[in-house]
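**Q** let me see the structure of the following:
(2 chains)
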Protein chains: 2
Amino acid sequence: MSIKGNIVVGQSGGPTAVINNSLVGVIHEAMQHEEFGEILGMSHGIAGILNEELVDLRRESAETLALLRDTPASALGTVRYKVSDADYERILNVFRTYDVRYFFYIGGNDSMDTAHQMHALAASRGYELHAIGVPKTVDNDLAETDHCPGFGSAARFVATAIRDTGYDTVAMGDSSPIKFMEIMGRNAGWLTASAALAKEEPDDAPHLVYVPEHGVTLEQILGDIQGVYDRLGHCVVAVSEGLADPEGNPLAHRSDSGEVDAFGHGRLGGVVEFLDEAVSQSLGLRARFDKPGYLQRSFAWLQSSVDREEAYEVGRAAVRAALAGESDKMITLVREPGPTYRCTMGLADLEQVANHEHILPADYINETGNGVTDGFLAYARPLIGGPLPPYAKLARHLLPKRPSK
Amino acid sequence: MSIKGNIVVGQSGGPTAVINNSLVGVIHEAMQHEEFGEILGMSHGIAGILNEELVDLRRESAETLALLRDTPASALGTVRYKVSDADYERILNVFRTYDVRYFFYIGGNDSMDTAHQMHALAASRGYELHAIGVPKTVDNDLAETDHCPGFGSAARFVATAIRDTGYDTVAMGDSSPIKFMEIMGRNAGWLTASAALAKEEPDDAPHLVYVPEHGVTLEQILGDIQGVYDRLGHCVVAVSEGLADPEGNPLAHRSDSGEVDAFGHGRLGGVVEFLDEAVSQSLGLRARFDKPGYLQRSFAWLQSSVDREEAYEVGRAAVRAALAGESDKMITLVREPGPTYRCTMGLADLEQVANHEHILPADYINETGNGVTDGFLAYARPLIGGPLPPYAKLARHLLPKRPSK
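**A** Numbers count the residues shown, from 1 in each chain, chains lettered A, B, ... in the order given. Okay, here's the model as predicted:
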């Protein structure tokens, strides 16, 4: 039997399109068990504890909770903050003050480390605390879990976006035949690789996919683009914001030398600005780019139905695990073998998650480093929640040319 | 009674999320009248005539045509090409060769001029030709029509995108409190202004909206942002890509002087990169930006239901007008007076459309030039096809602080 006490739940790191589902999952499950007293929300993550800004979540209406499942970003507010040793002492003090015995932290690597440290500190002081991590990240880079809630929806957005901008590029023909899309994930290429889910036929966009795990030279990229252009007359390229050369250095640098703006600082420039210019200069082809930026993680309209349900269920599972006496664990998604996609939930040690980054394995990247394998597609396709809606292409029966009248 | 003959239809300029509806509207209507022989599609606009690449649209299946209504971008392909006098002669020759008596051109300003020139040349040679323009542009800058098919869907995307990235920004709090979104429309601020449709409450994103029609200084923008930040702790800004200072010069320049990349050229930088840097340097606040680029005009998932139907109906109306003997006209949308939105269709002289650019009128922009008026909102709201889906915000009942234990 678990200890009676209060719950605190927080959201940390970058928001996602479904992270509120995990919050609502925690609240809904907690409300079903009388072991729990107050259900307190951390305003802006760990800052909400340090500043004692705690939201009484039992006073939120059922309608608000239901609608939160459709609402992107972190309803409690989030934070990026490096927790110090003194902070941990302060947090434990606040936990004592508010009789917090259950700590649910929805987040990525750093959040799992925070939960782990809190568990260890409480244990060393003989304070019973159940600290459970709830996985969340569009980058999909957490270890020990098949995938991360938040990823599937972001992947659905990326696939949709590159398919649509791909149709646009094909339509433009020689007016602007090259298109880049810069995709989130500085070290992990999961999201960039997901662009490949847009392809229905082999020659559909994206034609090239570059992830940070496989270094490429500018020469290779330009050669790849020229090759696709020569064959199809256009080329759509998915590029990770963290693209690196074979030595692991960023392919595009921000220069601080030139006098290019009002402040005498080098203009901010990312990977796609660099490649756009390179294609114009070296290949003489007109290139364009899209940088959807934060839309990748906040576009609620494209929630994956699978992702949405899993985000909710990992929240609920966290509460049940704590009630069963667990602590220092993160909920994981475990893919069951078999032809039909199905995940169950498991537990991993927080420490195992906190100290690892799960990058794209080599067998999900093709040999030339400009595309993904069927293995990756089989892994990722179920996570985006059903196929993208069908589009039409004209059959394009061309009339034979007629003699001039 | 109109002349019997063949139809040619083309798509020109930038694609939209609903431009294929106009194409299908032309085809569907044309198939109902036996005056028409072949229905020919121009492959990549006027280039398809010059190169005699004409698609037999009667051979496309009913299923393809139905699905085209969901499919973004220009299915026939589009083009950006300045038509010469010699080209017009060549086009008339091709029209004669293929017995083309009906010319439907779906596009913006330049396309209307092309259709007008073709009408004039054919008339001067005694060749009966019915040239009808079908309006299309996400920029909404065509004269004589209440609005342009393509605009409503792009506006729905922009409003959705800024609302979602706004929720993300609010969630991030002080970790990155300032967000810019760069929005299409170099001379006309219609699409940028539409970001304001995202607001449900006065303090919702976007907090500031800058359109090219109202020049602003960098000092004003920085002051506006500081003011919003001081009051709310964050600030979301919709910025036109064509933002200008009070003298009408672009606020952000691309420099060609500094040595900032591998080619010795100034890095490509737009308005939001410039403002991002300015906010960091001058206000010491962390800023981020989104540049959704071509997604604004190609995101079929966010077709406005109103826009989709109107795009289809202007295509059908063009065929009926030609059949009634009209030529040298563009189909217009005419908003009927009354509390409920309703448009009927009218006709405008192509020449009147070709030589004008319809920018945002002064009474749609607020006095300080950092937002829109209720007049604009009343104009634009019906065009995006129903309200955005509801989101929830927590009531956020904060617990009173407790004495430390």
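**Q** now do the SS call for A:V134.
**A** Secondary structure state of A:V134, per DSSP: H, G, I helix; E, B strand; the rest coil, is strand.
**Q** I should have written A:V55 there, sorry.
**A** Relying on three-state DSSP, one would call A:V55 strand.
**Q** which residues touch the residue most central in space within chain A?
**A** In chain A, the centroid-proximal residue (Cα atoms, centre = their mean) is A:V138; its distance is 0.7 Å. Counting by Cβ atoms under 8 Å, 6 or more residues apart in numbering or on different chains, A:V138 makes contact with A:14, A:16, A:148, A:150-151, A:153-154, A:184, A:191, A:296-297. (C-beta placed from N, C-alpha, C; glycine too.)
**Q** quick one: which of those is nearest to chain B?
**A** Proximity of those to chain B, judged by Cβ to the nearest Cβ, is greatest for A:R297, which lies at 6.9 Å.
**Q** please, which helix or strand holds that closest one?
**A** Applying DSSP states H and E as the criterion places A:R297 in helix A:295-298.
**Q** can you tell me how far A:D224 is from A:V279?
**A** 11 Å (Cβ to Cβ, to the nearest Å).
**Q** same question for A:A17.
**A** 32 Å.
**Q** and those two? which has more neighbours close in?
**A** Taking other Cβ atoms under 10 Å in any protein chain shown, A:A17 and A:V279 do not tie; A:A17 has more neighbours (34 against 25).
**Q** tell me which other helices or strands the helix holding A:R297 touches.
**A** helix A:151-172, helix B:151-172 (3 or more Cβ pairs under 8 Å, 6 or more residues apart in numbering or on different chains; DSSP states H and E).
**Q** among the contacts of A:V138, which pair sits farthest apart?
**A** Maximum pairwise distance among these (Cβ to Cβ): 14.1 Å, between A:C148 and A:Q296.
**Q** returning to what we had before: chain center to the helix holding A:R297: distance?
**A** Relative to its chain's centre, helix A:295-298 lies at 9 Å (Cα atoms, centre = their mean, to the nearest Å).
**Q** who's in contact with it?
**A** A:14-17, A:72-73, A:138, A:150, A:154, A:157-158, A:161, A:183-184, A:191, B:161, B:164-165, B:167-168, B:290, B:292, B:295.
**Q** of the residues you listed, buried ones?
**A** A:14-17, A:72-73, A:138, A:150, A:154, A:157-158, A:161, A:183-184, A:191, B:161, B:164-165, B:167-168, B:290, B:292, B:295 (16 or more other Cβ atoms under 10 Å in any protein chain shown).
**Q** ok, and the closest residue to A:A324 other than its chain neighbours, which helix or strand is that part of?
**A** Leaving aside its chain neighbours, A:A324 sits nearest to A:S2 (7.5 Å; criterion: Cβ to Cβ, 6 or more residues apart in numbering or on different chains). Assigned by DSSP H and E, A:S2 falls within no helix or strand.
**Q** can you pull the contacts of A:S2?
**A** Counting by Cβ under 8 Å, 6+ apart, A:S2 has contacts A:35, A:130, A:322-325.
**Q** kindly recompute the last result at 7 Å.
**A** A:35, A:323, A:325 (Cβ atoms under 7 Å, 6 or more residues apart in numbering or on different chains).
**Q** and the helices in the stretch 1-150 of chain A, which stretches?
**A** Assigned by DSSP state H, counting those that start in this stretch, the helices in the stretch 1-150 of chain A fall at A:19-30, A:46-50, A:62-68, A:85-97, A:109-124.
**Q** just send these back as a markdown table, with mean pLDDT, mean neighbour count and distance to B:A380 too.
**A** Formatted as a markdown table, these follow (pLDDT from 0 to 100; neighbours: other Cβ atoms under 10 Å in any protein chain shown; distance: least, Cβ to Cβ, whole Å):
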| stretch | mean pLDDT | mean neighbour count | distance to B:A380 |
| --- | --- | --- | --- |
| helix A:19-30 | 98 | 27 | 29 |
| helix A:46-50 | 97 | 23 | 38 |
| helix A:62-68 | 98 | 15 | 25 |
| helix A:85-97 | 98 | 16 | 48 |
| helix A:109-124 | 97 | 22 | 41 |
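**Q** so for chain B, which of these sits nearest?
**A** Nearest to chain B among the helices of the stretch 1-150 of chain A is helix A:62-68 (3.6 Å), distances taken as Cβ to the nearest Cβ.
**Q** which residues outside that closest one are in contact with it?
**A** So helix A:62-68 is contacted by A:20, A:23-24, A:27, A:75, B:390-392, B:394-395 (Cβ under 7 Å, 6+ apart).
**Q** now for those residues: which two are most distant?
**A** Between any two of the contacts of helix A:62-68 (Cβ to Cβ), the greatest distance is 19.1 Å, for A:I27 and B:P390.
**Q** what residues are up against the closest residue to A:H130 other than its chain neighbours?
**A** Nearest-residue entry for A:H130: A:A322, 4.0 Å, with adjacent residues in sequence omitted and distances by Cβ to Cβ, 6+ apart. For A:A322, the contact set (Cβ under 7 Å, 6+ apart) comprises A:102, A:130, A:132.
**Q** does the last one touch A:A324 like I think?
**A** No: the pair A:I132 and A:A324 does not pass the contact test of Cβ atoms under 7 Å, sitting 10.4 Å apart.
**Q** which one of the two has more residues nearby?
**A** A:I132 (28 against 10).
**Q** need the pLDDT of the more buried one.
**A** Listed pLDDT for A:I132 reads 98.
**Q** again, but for A:N355
**A** For A:N355, the predicted pLDDT is 78.
**Q** for it, give its distance to B:A193.
**A** 49 Å.
**Q** check A:P387 too.
**A** A:P387 is 35 Å from B:A193, by Cβ to Cβ.
**Q** between these two, who's got more neighbours?
**A** B:A193 (30 against 10).
**Q** chain neighbours aside, what residue packs nearest to that one?
**A** Distances taken as Cβ to Cβ, 6+ apart place B:V372 nearest to B:A193, at 4.7 Å, with adjacent residues excluded.
**Q** related to what we said a few turns ago, same list (the contacts of A:A322) but as TSV, adding distance to B:T217.
**A** Listed next are the contacts of A:A322 as TSV, based on distance: Cβ to Cβ, whole Å:
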residue	distance to B:T217
A:Y102	53
A:H130	56
A:I132	52
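**Q** let me know the closest of those residues to chain B.
**A** Among those, and counting by Cβ to the nearest Cβ, the member closest to chain B is A:Y102, at 15.9 Å.
**Q** who's in contact with the residue lying closest to the residue nearest to the centre of chain A once chain neighbours are set aside?
**A** Once flanking residues are discounted, A:V138 sits nearest to A:A154: 3.8 Å by Cβ to Cβ, 6+ apart. By Cβ under 7 Å, 6+ apart, the contact set of A:A154 is A:16-17, A:138, A:191, A:296-297.
**Q** so who does A:D113 touch?
**A** Contacts of A:D113 (Cβ under 7 Å, 6+ apart): A:A354.
**Q** hang on, the earlier thing: host element of the residue nearest to A:H130?
**A** helix A:305-323.
**Q** quick check: angle from that helix to helix A:19-30?
**A** Put simply, helix A:305-323 runs at 40 degrees to helix A:19-30, going by axes from the mean of the first three to the mean of the last three Cα atoms, to 10 degrees.
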